[in-house]
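Trainee: Sequence isn't available, so here's the structure alone:
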DNA sequence: ATACCGATTAACT
DNA sequence: GTTAATCGGTATA
């Protein structure tokens, strides 16, 4: 196979170690997941992209979290697994939303991956996508692009079909935007927490070279 | 058993 | 700016 057959900014990287995920500060982890490479090997097809947008969900004290007040159900059980576990659930009956579980076992912290910039398996990503769908931006469209479904919930990010790698990209300063989370108005004051992180879209072209 | 609703998206006006 | 689509999860009885 010709290694130059497709654009691969940064190429492959080193899988994030367990210690990245098991730290206590889910907000810090959400920020540090920006610029990491999300890779899936599903149905014999490899696809991946740079994480460009994330949101932190801070467990039992966060009204926006599925685990608010310690709620623990069959759906959100993976949130209580150790850091480095996946949490995938169906939203609005249509969209599969992908989260990275953090902190220790029984502490339900998670980071929602909201957008990626595709870099691996672009042809496969294009064929998975509905013809009219213009982007892989948005938490529901990126899972379609990468083949992630609800049955991928509760998997280990170390050694499974879904993994995250460090390719040495660390957005800071003007490359990094911080603001309130999207679609959580029901969470009252917690909706205003500055838990949403993204790479400034205008800076992406510079970052990728 | 039944009712309600969502960590969204695409297609509208 | 608005709204239909769509269904598993959750709470209530």
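Mentor: Sure thing, it's come through. Keep in mind that this is a model prediction, so the values were computed, not measured.

Trainee: Show me the longest strand that occurs in chain A.
Mentor: Taking DSSP state E as the criterion, chain A has its longest strand at strand A:45-58.

Trainee: How about that one and DNA strand B, touching?
Mentor: Yes: for strand A:45-58, a contact with DNA strand B is found by C-beta under 7 Å from any atom of the strand, at A:55, A:57. Quick note: C-beta positions are derived from backbone N, CA and C, even for glycine.

Trainee: Pull out the buried positions in that strand.
Mentor: A:46-58 (16 or more other C-beta atoms under 10 Å).

Trainee: For the helix or strand following that strand, name the packing helices and strands.
Mentor: Sequence order places strand A:86-91 as the next helix or strand after strand A:45-58, per DSSP states H and E. Here strand A:86-91 touches strand A:95-102, helix A:139-146, going by 3 or more C-beta pairs under 8 Å, 6 or more residues apart in numbering; DSSP states H and E.

Trainee: Tell me how many other residues surround the residue of chain A found nearest DNA strand C.
Mentor: Distance from DNA strand C to each residue of chain A (C-beta to the nearest atom of the strand) is smallest for residue A:93, at 2.7 Å. Number of residues near residue A:93 (other C-beta atoms under 10 Å) recorded here: 5.

Trainee: mind checking the SS state of it?
Mentor: With DSSP: H, G, I helix; E, B strand; the rest coil as the basis, residue A:93 sits in coil.

Trainee: tell me the average confidence for stretch A:198-209?
Mentor: On average, the pLDDT along stretch A:198-209 is 87.

Trainee: scratch that, stretch A:48-68
Mentor: Per-residue pLDDT values over stretch A:48-68 give a mean of 97.

Trainee: how about it, does it get close to DNA strand C?
Mentor: Yes: under the criterion of C-beta under 7 Å from any atom of the strand, DNA strand C is reached by stretch A:48-68 at residue A:66.

Trainee: what about the helices and strands packed on strand A:86-91, which gets the closest to DNA strand B?
Mentor: helix A:139-146 (3.4 Å).

Trainee: Would you mark the buried spots in that closest one?
Mentor: By neighbour count with 16+ other C-beta under 10 Å, helix A:139-146 contains the buried residues A:139, A:141, A:142, A:143, A:144, A:145, A:146.

Trainee: Identify the residues contacting the last one.
Mentor: Yep, that's residue A:146 we're talking about. The neighbours of residue A:146, taking C-beta atoms under 8 Å, 6 or more residues apart in numbering as the test, are A:38, A:40, A:42, A:47, A:48, A:49, A:116, A:125, A:162.
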